[in-house]
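Colleague: just coords:
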């Protein structure tokens, strides 16, 4: 039997306690985004785009899982709108099996959690989803087997083009096939017909979504082939159809702005311009002319049919910290036009 340990003199106890390391504190959680209360009739959509990993990847960045959890558990919007690049295709050496595995990963990590929560996922396909013929075939197969629960107006060319309503018909959304830089006369005619349809005319708010933007937003993508080519006629169709905003992806840099007609600057309230929302992404890029500004983003877009306006609240998808609109560049001069930052769409 071991002898008992000697008792410590009481006068040494305070000295030992003061020398002991303090217990580590858990890091403080990121503050929650303070939401503006929704008014009766408002329609809320989460904007989540460009979250694909490296070519062929069946794993997504951790920030995507946190974003989906925030949407499902905290925001609970009426729908998610995604401006594309849902998987990591667009590489000819990938096999059919690999592309199908990527869609299975998307289903597991994005569509299924949202579907269980009763939140439809509305999307346009990006260059990584639908540039190659094989990728388009597999995208069509996947989405025709998993159509979102939306009030479709036109789905003849789904999943590449479609239109639908939200909020009981108060919001109309048209989806373009803009995975590449060419949006031709046939697509413009289709969009004009959608915007002239009875559901679009009855809606208080009209939105159009396509993958490529009308003008350059991020430094790494501000070049020919990365924005819609000769976008002036497409802008005119949207302005004639009283579209509140064009939502795009691809450049992975969140920016709410107003884009003028070619050669014209535009600001909020100035006629002749078009509101644009560059949706950002999981894994961001620097703004044109502003190095060191890249970050991942997730946005809650609140549509106010009663006033025809839209407001947005955005968080850094990595830290959960709110992103204040006035912290963004006041102006971005990109290929295709100049955008002025706006605090809301009207």
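Modeller: Everything's here; your move. Predicted, not measured: the structure shown is a model, and the values here were computed from it.

Colleague: buried set for the longest helix belonging to the chain?
Modeller: Among the segments of the chain that qualify as a helix by DSSP state H, the longest is helix 133-145. Under the neighbour-count criterion of 16 or more other CB atoms under 10 Å, helix 133-145 has 135, 136, 138, 139, 140, 142, 143 buried. For glycine as for every other residue, the C-beta is placed from the backbone atoms N, C-alpha and C.

Colleague: Name the next helix or strand following that helix along the chain.
Modeller: Per DSSP states H and E, helix 133-145 leads on to strand 151-154 as the next helix or strand towards the C-terminus.

Colleague: re earlier: can you convert the buried residues of helix 133-145 into TSV and add a column each for distance to residue 196 and pLDDT?
Modeller: Converted to TSV, the buried residues of helix 133-145 look like this (distance: CB to CB, whole Å; pLDDT from 0 to 100):
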residue	distance to residue 196	pLDDT
135	32	98
136	28	98
138	33	98
139	28	98
140	27	98
142	31	98
143	26	98
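
Colleague: Among these, which one lies nearest to residue 102?
Modeller: residue 138 (8.7 Å; CB to CB).

Colleague: Could you grab the helix/strand/coil label for the nearest residue to the closest one once chain neighbours are set aside?
Modeller: What sits nearest to residue 138 in space, not counting adjacent residues and going by CB to CB, 6 or more residues apart in numbering, is residue 99, at 4.6 Å. Of the three states, residue 99 takes helix under DSSP: H, G, I helix; E, B strand; the rest coil.

Colleague: ok so, going back, I'd like the distance from the longest helix of the chain to the chain centre, please.
Modeller: The chain centre lies 21 Å from the centre of helix 133-145; the measure is CA atoms, centre = their mean, to the nearest Å.

Colleague: contacting residues around residue 225?
Modeller: Under the criterion of CB atoms under 8 Å, 6 or more residues apart in numbering, the neighbours of residue 225 are residue 181.

Colleague: ok, now how distant is it from residue 282?
Modeller: Per CB to CB, to the nearest Å, residue 225 is found 23 Å from residue 282.

Colleague: same deal with residue 346?
Modeller: 29 Å.

Colleague: neighbour-wise, which of those two wins?
Modeller: Set residue 346 next to residue 282 and count neighbours by other CB atoms under 10 Å: residue 282 wins out with 25 against 16.

Colleague: who's in contact with the more buried one?
Modeller: Contacts of residue 282 by CB under 8 Å, 6+ apart are 48, 50, 51, 60, 61, 63, 64, 67, 296, 317.

Colleague: that's a strand at the second one, yeah?
Modeller: Yep, that's residue 50 we're talking about. No: using three-state DSSP, the assignment for residue 50 is coil, not a strand.

Colleague: Now for it, how many residues are close by?
Modeller: The number of residues near residue 50, taken as other CB under 10 Å, comes to 26.

Colleague: how close does it get to residue 128?
Modeller: Counting by CB to CB, the gap from residue 50 to residue 128 is 9 Å.

Colleague: can you check the fifth one too?
Modeller: Residue 61 sits 14 Å away from residue 128, going by CB to CB.

Colleague: Please apply the same query to the third one.
Modeller: Residue 51 sits 10 Å away from residue 128, taking CB to CB as the criterion.

Colleague: neighbour-wise, which of these two wins?
Modeller: Of the pair residue 51 and residue 128, residue 51 is the one with more neighbours under other CB under 10 Å, namely 28 against 24.

Colleague: Output the lowest mean pLDDT helix or strand found in this structure.
Modeller: Ranked by mean pLDDT, DSSP states H and E, the helix or strand of the chain with the weakest confidence is helix 13-19, at a mean of 37.

Colleague: Strand partners (parallel or antiparallel) of the following helix or strand past that helix?
Modeller: Using DSSP H and E, the helix or strand that follows helix 13-19 towards the C-terminus is strand 43-47. As defined by DSSP bridges, the strand partners of strand 43-47 come to strand 79-82 (parallel), strand 297-304 (antiparallel).

Colleague: Residue 241 is nearest to which of those?
Modeller: Per CB to CB, nearest to residue 241 of those: strand 297-304, 16.6 Å.

Colleague: and the angle from the next helix or strand after the closest one to strand 43-47?
Modeller: Per DSSP H and E, the first helix or strand lying C-terminal to strand 297-304 is strand 309-316. Counting by axes from the mean of the first three to the mean of the last three CA atoms, to 10 degrees, strand 309-316 lies at 40 degrees to strand 43-47.

Colleague: Great, nothing more from me.
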